[in-house]
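1. below are the sequence and a predicted model for it; my questions follow.
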Amino acid sequence: MKRLARVFSALVMLALLGLGAAWFYFAPAPPTPAQPPILGTVDRIIVEKSARRMVLLQAGEKVREYRIALGFSPQGDKVRQGDGRTPEGVFRIDRRNDRSAYHLSLGLDYPQPEDRARAQAGGYDPGGDIMIHGQPNAVGDEVVLRGDWTAGCIAVSNAEMREIWAATDAETVVEVRP
């Protein structure tokens with residue numbers, strides 16, 4: 001009987017830990033303070049990987065700042081497909097996808113010619129399909145996954161992604177810093 005009680009207690013503890021972990025990863029996003037809309041388009045997006053921050057600039061002035069999630073192995077520059085890193089450097093938005101598996105997505109023009117040359121010389125795939133995007137469509141609009149969970153992309157909340165989508169166009173410069 002004592003053994004059964006210990007097993008039951010252990011199962012209850014595991015279930016509670018599982019609920020806690022699920023709440024940590026799938027908790028609703030905290031409300032963001034209301035800000036005036038961004039008028040026009042932004043000139044530049046700065047991504048600071050180490051600070052997990054994205055800043056939108058218009059005429060050299062900061063108009064927005066967001067917390068971001070990165071690739072699951074964010075330290076260092078992207079080298080090859082599957083390394084979980086977010087590339088560093090200066091890119092441009094070269095495509096928009098409103099039917100993405102994630103809430104909206106803006107594609108970066110990675111890999112650059114030097115990335116392709118390095119990968120070809122090394123005999124591997126440099127990867128690609130690096131995006132700024134919202135949360136997975138499967139989790140809903142109110143959820144923001146925590147931690148670095150993408151395959152190398154830059155993720156924000158869905159509400160933030162709608163704002164970024166509206167304030168950018170093709171050729172917007174995106175600078176990704178270490």
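-> Good, I have the coordinates. Computed from a predicted structure; not experimentally measured.
2. buried residues, stretch 98-112. List them.
-> Neighbour counts over stretch 98-112 (16 or more other CB atoms under 10 Å) mark S100, Y102, H103, L104, S105, L106, G107, L108, Y110, P111 as buried. C-beta: built from backbone N, CA, C; applies to glycine.
3. how about the helices of this protein, start to end?
-> Ranges of helices within the chain are 2-26, 113-122, 158-167, based on DSSP state H.
4. tell me which other helices or strands the last one touches.
-> What it means is helix 158-167. With contacts taken as 3 or more CB pairs under 8 Å, 6 or more residues apart in numbering; DSSP states H and E, helix 158-167 sits against strand 61-67, strand 131-133.
5. adding mean pLDDT, write the ones you listed out as CSV.
-> Formatted as CSV, those follow (pLDDT from 0 to 100):
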stretch, mean pLDDT
strand 61-67, 97
strand 131-133, 98
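6. what lies in contact with stretch 113-123?
-> K78, V79, R80, P87, P111, D125, P126 (CB atoms under 8 Å, 6 or more residues apart in numbering).
7. kindly list the longest strand within the protein.
-> Secondary structure assigned by DSSP state E gives strand 89-97 as the longest strand of the chain.
8. so that strand versus helix 158-167, what angle?
-> With axes from the mean of the first three to the mean of the last three CA atoms, to 10 degrees defining the directions, strand 89-97 sits at 100 degrees from helix 158-167.
9. partners of strand 89-97 in the sheet?
-> Strand pairing for strand 89-97, using DSSP bridges, gives strand 105-108 (antiparallel), strand 173-177 (antiparallel).
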